[in-house]
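Enquirer: Sequence and predicted structure, then a few things I'm wondering about:
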Amino acid sequence: MHQLAASGAVAADISSYRSSKAVEAEIVTGGGELINDLDRGTVTLEDLKPEDLPAPLQALSPEEQKAVIAEKSAERAALRGEIDKLVQAREAYIAEKLASDSPGDSFDKAVEEMVHEQGAAKGILY
């Protein structure tokens, strides 16, 4: 399967979208991911058959399984925190950059004004 790489700006926008709380788990992992399901309480470790667990967990005792899962869950929470900080810093930078640019001389501003004018002519207000 061939994957196309996104540009840095697109990848950052995607990361920003994925970090939103409403979509973080489902978009990145899809449904049925063990640690996310355990964290959300949609499944319990006791409900799962040993063969339904990932191979590294199958050989461990229930206490060891819980410890490994707790460690992975904490790692993910820390990574989510880092992503959230980076997304906030990026959004602040973009807002600052947009505020400091002269508003009247950019292509984006010209397109925005044109869309607003055409929308207003059709009764659409932004």
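Expert: That came in fine, so what should we check first? Residues are numbered from 1 along each chain as shown.
Enquirer: what bits of the chain have low per-residue confidence?
Expert: 1-31, 101-105 (pLDDT under 70).
Enquirer: Give me the distance from the longest helix that it contains to the chain's centre.
Expert: Scanning the chain for the helix with the most residues, using DSSP state H, yields helix 62-100. Between the centre of helix 62-100 and the centre of its chain there are 9 Å (CA atoms, centre = their mean, to the nearest Å).
Enquirer: Show me which positions of that helix end up buried.
Expert: By neighbour count on 16 or more other CB atoms under 10 Å, the buried set for helix 62-100 is 65, 69, 76, 87. The C-beta positions use only the backbone N, C-alpha and C, and glycine is treated the same way.
Enquirer: tell me the contacts of the first one?
Expert: If I follow you right, that is residue 65. Residue 65 makes contacts with 45, 53, 57, as judged by CB atoms under 8 Å, 6 or more residues apart in numbering.
Enquirer: Filter the residues you listed down to just the buried residues.
Expert: Counted by 16+ other CB under 10 Å, the contacts of residue 65 give 53, 57 as buried.
Enquirer: Can I get the contacts of residue 65 in JSON lines including distance to residue 116?
Expert: Shown next, in JSON lines, are the contacts of residue 65 (distance: CB to CB, whole Å):
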{"residue": "45", "distance to residue 116": "54"}
{"residue": "53", "distance to residue 116": "55"}
{"residue": "57", "distance to residue 116": "56"}
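Enquirer: quick one: which of the contacts of residue 65 is nearest residue 93?
Expert: Using CB to CB, residue 57 comes nearest to residue 93 of these, at 40.9 Å.
Enquirer: what's the closest non-adjacent residue to that closest one?
Expert: residue 65 (5.0 Å; CB to CB, 6 or more residues apart in numbering).
Enquirer: Same check on residue 51?
Expert: residue 58 (7.2 Å).
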